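[1] I need the structure of the sequence given here:
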Amino acid sequence: MRLNTKKLTYGGLMTALVFVATAFVPQIPIPFTQGYVHLGDSMVFVAAILLGWQYGAIAGGLGSALADLYLGFYIWILPTLIIKALMGAIVGFMGKTYREKKLKAIKNVINVVIGGGWIITGVYMKNLLNVRLREIENSELAMKLVNEFEQIKNLQDLSNLIDYVQSFLLAAIVIIPLVVVMISILFRYKDKEVFGLSNLVGMATAGIWMVIGYYFAGSLITGSLIVPIFSVPFNILQFVVGVVIAFPISIAIKRTRYLDNIQ
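    Next up, the predicted model:
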């Protein structure tokens, strides 16, 4: 990674913005997993789109981990550092235009793998929900979930929540790829670099990685493969909102021309 003062300055600024958007903009607590939903992903996306995969990884990983430290979510610091660093790296790598045939081929492979991988992963998690969550409805774990989640008053409410999570995941399996393609087609004329399909696929891929990464991290932290499944809709919503916010911010910054000669 070639270093220059201007790019280092912007990298530090983006790390700070990730921290602020994560730690100071009001968060939504996630029941069961001791986590929270925030707007920090939008700044991770912006950093990666504007500064490249290296600085996207640094800003995403360091800024997000510092936010967990500041907010007292100590158990999540290491998982967040890894998950968000890779999240920024994915967006930055996928969004860049490469001349080397090898790198172009890698991007093409990733594009193909991601489309199929998201569908396979989504179907797998939905089936896992169907098989594993039904087992807990009359178990001791079910009563624990009812007691921990204020909105759940009884086992029927828990059953309704299970159905909702399954429906949400099924919708996400279908809608996310369609929305990525539609946005790219409809808005590419505004800024081919920002609205290019690679950027959109990169953000979708990074978001999916974040959802899966936090699911398995939550499984290790809670000691259960079942409990973190309830965080899946929250995390999907978080990265979708992050994408929506990142687009106008990225376009506005690019139009200022301040970042033109820092690569």
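[2] Show me the strands in the protein, by range?
    For the chain, applying DSSP state E gives strands covering 28-30, 35-37.
[3] Just the CA atoms from stretch 121-131 would do, formatted as CSV, please.
    Backbone C-alpha positions of stretch 121-131 (Å, rounded to 0.1, in the frame of the first residue of the first chain) are rendered in CSV as follows:
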residue,chain,number,x,y,z
THR,A,121,-26.4,-19.4,2.3
GLY,A,122,-29.8,-17.8,2.6
VAL,A,123,-31.6,-21.1,1.9
TYR,A,124,-29.4,-22.9,4.3
MET,A,125,-30.1,-20.4,7.1
LYS,A,126,-33.8,-20.5,6.4
ASN,A,127,-33.8,-24.3,6.6
LEU,A,128,-31.8,-24.0,9.8
LEU,A,129,-34.4,-21.7,11.2
ASN,A,130,-37.1,-24.2,10.2
VAL,A,131,-35.4,-27.2,11.7
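[4] Give me the average confidence score over it.
    Stretch 121-131 comes out with an average pLDDT of 75.
[5] got the strands of the chain as a markdown table, with mean pLDDT, distance to Gly12 and mean neighbour count columns?
    From N, CA and C alone the C-beta is placed, and that goes for glycine too. Below are the strands of the chain laid out as a markdown table (pLDDT from 0 to 100; distance: least, Cβ to Cβ, whole Å; neighbours: other Cβ atoms under 10 Å):
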| stretch | mean pLDDT | distance to Gly12 | mean neighbour count |
| --- | --- | --- | --- |
| strand 28-30 | 75 | 28 | 13 |
| strand 35-37 | 74 | 25 | 21 |
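[6] Make a markdown table from the ones you listed and add distance to Phe45 to it.
    Shown next, in a markdown table, are these (distance: least, Cβ to Cβ, whole Å):
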| stretch | distance to Phe45 |
| --- | --- |
| strand 28-30 | 19 |
| strand 35-37 | 16 |
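[7] looking at this structure, which helix or strand does the model trust least?
    Of all helical and strand segments in the chain, the minimum by mean pLDDT, DSSP states H and E falls on helix 140-148, at a mean of 67.
[8] Now do the closest residue to Met125 other than its chain neighbours, the pLDDT please.
    Distances taken as Cβ to Cβ, 6 or more residues apart in numbering put Leu169 closest to Met125, at 6.0 Å, once the chain neighbours are dropped. Looking at Leu169, its pLDDT stands at 79.
[9] Quick one: residues contacting Leu169.
    Counting by Cβ atoms under 8 Å, 6 or more residues apart in numbering, Leu169 touches 122, 125-126, 129, 232-233, 236.
[10] For Pro26, see how far away the closest residue in space to Val25 that isn't next to it in sequence is.
    Excluding its sequence neighbours, the residue lying closest to Val25 (Cβ to Cβ, 6+ apart) is Leu39, at 4.9 Å. Going from Leu39 to Pro26 by Cβ to Cβ, to the nearest Å gives 9 Å.
[11] thought Leu71 was touching Pro26?
    No - with contacts counted by Cβ atoms under 8 Å, Leu71 stays clear of Pro26, the gap being 11.8 Å.
[12] which of those two has more neighbours?
    Leu71 (15 against 8; other Cβ atoms under 10 Å).
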